[in-house]
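S.K.: Predicted model follows, preceded by the sequence.
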Amino acid sequence: MAKRVFLIVLDSFGIGAEPDADRFGDVGSNTLKAVAAHPNFKGEHLAELGLFHIDGVHCGERYGTPIGSFARLREASAGKDTTIGHWEIAGLVSAEPLPTFPEGFPKELLDEFTARTGYQVLCNKPYSGTQVIRDYGEEHMRTGALIVYTSADSVFQIAANEAVVPIEKLYEICKQAREMLKGKYGVGRVIARPFVGDCADNFTRTSRRHDYSLLPPRETVLDKLQAAGRATIGVGKIHDIFAGKGISETIRTSGNTEGMQVALELADRDFEGLAFVNLVDFDMLYGHRRDVAGYAAALAEFNDWLPAFMQKMRPDDVLMITADHGCDPSYTKTTDHTREYVPYLVYGAPIRPGVDLGTRYCFGTIANTVCEYLGVDACLDGCGVMHELAR
């Protein structure tokens, strides 16, 4: 029977501040602790897999003998953003952080943007995505100028009302910006942020966001698997994060619920290789908006979804659950990502239950373990642990 790995990233589900969190302004952050204390949280199936047995996790109720194996992973890269986190999960450590622009983008860059696209620019500051359209949306509609903003992450975000800039035109502008943003201005992502409404009171972002990422500078697990003839299915924003590199099939989703449904459907499909799933709502809807109740409810939904997926797993399937960084919804010093350890839960018939892998350095542990299980040679950053997990 074909071997399959289902790698699910709970986007931003950190489990406690890393030792260097002070460098990132995130001392004391702990996404899991914040949400596990909320009445909306349910985690009995995550507990079965070993979540509350992980190193350093001192909240939640432990399950007797976990049916999964588990580890705490520490990030080796110099960053805490989506791109760097996913690249490291895929076996590519970023020794240098991607550029950020806490004072906004330099005039020379925006002048070039205007020359290329023909559009003037509003805002040019770090901003909340929901607040920026309230504050600048009406001026955008009057003038036609685009709302360009950033955050603590390495992003160049362009917001436009779909009635002013049609969605395909916004995507074209973002592609032009992506071509321009290289070298010292090579941000991790250019993000199209369409919205609708006719005044500040009813402006609403739509689900037609699109990310344009830097091309990974080296090969990742996706390239290794694809070269070996294995399937590499990217679900959610995986295609965007890797700029399509190494991905054989893309399935876009509107959020967590659809992403989980797609995973169930993939469990019924025949393929050999990797299904790489990103569940973005944890980060986008709840983490950044510092919504503890919403984050806890989203984890409860994922927890309740797990048994149905696990029942569909075939004898040679392996499920891996992890995260790319933290975004503690109770951490009100900022609304940015938080520098945290991430969980690594591994389950399936080929996996020994209850193996405590302790704390491992580098999210690339995952990529190498995937390759080891699927029988593909890899020289990726990090060290695999399949020899410790295999029955």
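M.R.: That came in fine, so what should we check first? Numbering: from 1, shown residues only.
S.K.: give me the number of residues near residue 245?
M.R.: Neighbour count of residue 245, defined by other Cβ atoms under 10 Å: 17. C-beta: built from backbone N, CA, C; applies to glycine.
S.K.: check contacts around it.
M.R.: Residues in contact with residue 245 (Cβ atoms under 8 Å, 6 or more residues apart in numbering) are 215-216, 220, 222-223.
S.K.: Then residue 291?
M.R.: Contacts here follow Cβ under 8 Å, 6+ apart; on that basis residue 291 touches 285, 329.
S.K.: can you start the count at 22 instead of 1 from here on
M.R.: Yes, from this point I'll number from 22; that puts the last item at residue 312.
S.K.: Next one: it from residue 42, what distance?
M.R.: 22 Å (Cβ to Cβ, to the nearest Å).
S.K.: returning to that earlier point: out of the contacts of residue 266, which are buried?
M.R.: For these, a burial check counting by 16 or more other Cβ atoms under 10 Å picks out 237, 241, 243-244.
S.K.: so of the residues you listed, which ones are in helices?
M.R.: Residues of these located in helices (DSSP state H): 243-244.
S.K.: returning to that earlier point: quick check, nearest of the contacts of residue 266 to residue 274?
M.R.: The closest of the contacts of residue 266 to residue 274 turns out to be residue 243 (Cβ to Cβ; 18.1 Å).
S.K.: Switch the buried ones among the contacts of residue 266 over to TSV; also include distance to residue 137 and pLDDT.
M.R.: Compiled in TSV, the buried ones among the contacts of residue 266 are given as follows (distance: Cβ to Cβ, whole Å; pLDDT from 0 to 100):
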residue	distance to residue 137	pLDDT
237	25	96
241	30	98
243	30	98
244	31	98
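S.K.: Please identify the buried residues of stretch 75-88?
M.R.: In stretch 75-88, counting by 16+ other Cβ under 10 Å, buried: 75-76, 78, 80-81, 84, 87-88.
S.K.: Report the two of the residues you listed separated the most.
M.R.: 80 and 88 (20.3 Å).
S.K.: How far off centre is the lengthiest helix in the chain?
M.R.: Looking across the chain with DSSP H, the single longest helix is helix 313-333. Distance, stretch centre to chain centre, for helix 313-333: 17 Å (Cα atoms, centre = their mean, to the nearest Å).
S.K.: can you list contacts of that helix?
M.R.: Under Cβ under 8 Å, 6+ apart, the answer for helix 313-333 is 27, 31, 34, 52, 55-57, 59-67, 70, 277-278, 281, 284-285, 288-289, 300, 302-303, 306-308, 340, 350-351, 368.
S.K.: Let's see that with 7 Å instead.
M.R.: 31, 55-56, 59, 61-67, 277, 281, 284-285, 288-289, 300, 302-303, 306-308, 350-351 (Cβ atoms under 7 Å, 6 or more residues apart in numbering).
S.K.: and if you look at stretch 33-53?
M.R.: 75, 77-78, 80, 93, 95-96, 101, 303-304, 308, 344, 346-349, 352, 354-355, 358-364.
S.K.: what are the C-alpha coordinates of that stretch, in CSV please?
M.R.: In CSV, the C-alpha atoms belonging to stretch 33-53 read as follows (Å, rounded to 0.1, in the frame of the first residue of the first chain):
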residue,chain,number,x,y,z
SER,A,33,0.4,30.1,14.9
PHE,A,34,-0.3,27.4,17.5
GLY,A,35,2.7,28.1,19.7
ILE,A,36,3.2,26.3,23.1
GLY,A,37,5.4,28.7,25.0
ALA,A,38,8.1,31.4,24.6
GLU,A,39,11.5,30.2,23.2
PRO,A,40,14.7,31.1,25.1
ASP,A,41,15.4,34.0,22.8
ALA,A,42,11.9,35.5,23.0
ASP,A,43,13.3,38.6,24.6
ARG,A,44,15.0,39.4,21.2
PHE,A,45,11.6,39.5,19.6
GLY,A,46,9.7,41.3,22.4
ASP,A,47,7.7,38.2,23.3
VAL,A,48,8.8,37.2,26.8
GLY,A,49,6.0,35.3,28.5
SER,A,50,4.0,34.5,25.4
ASN,A,51,2.2,31.2,25.3
THR,A,52,-0.6,30.6,22.8
LEU,A,53,-1.6,27.2,24.1
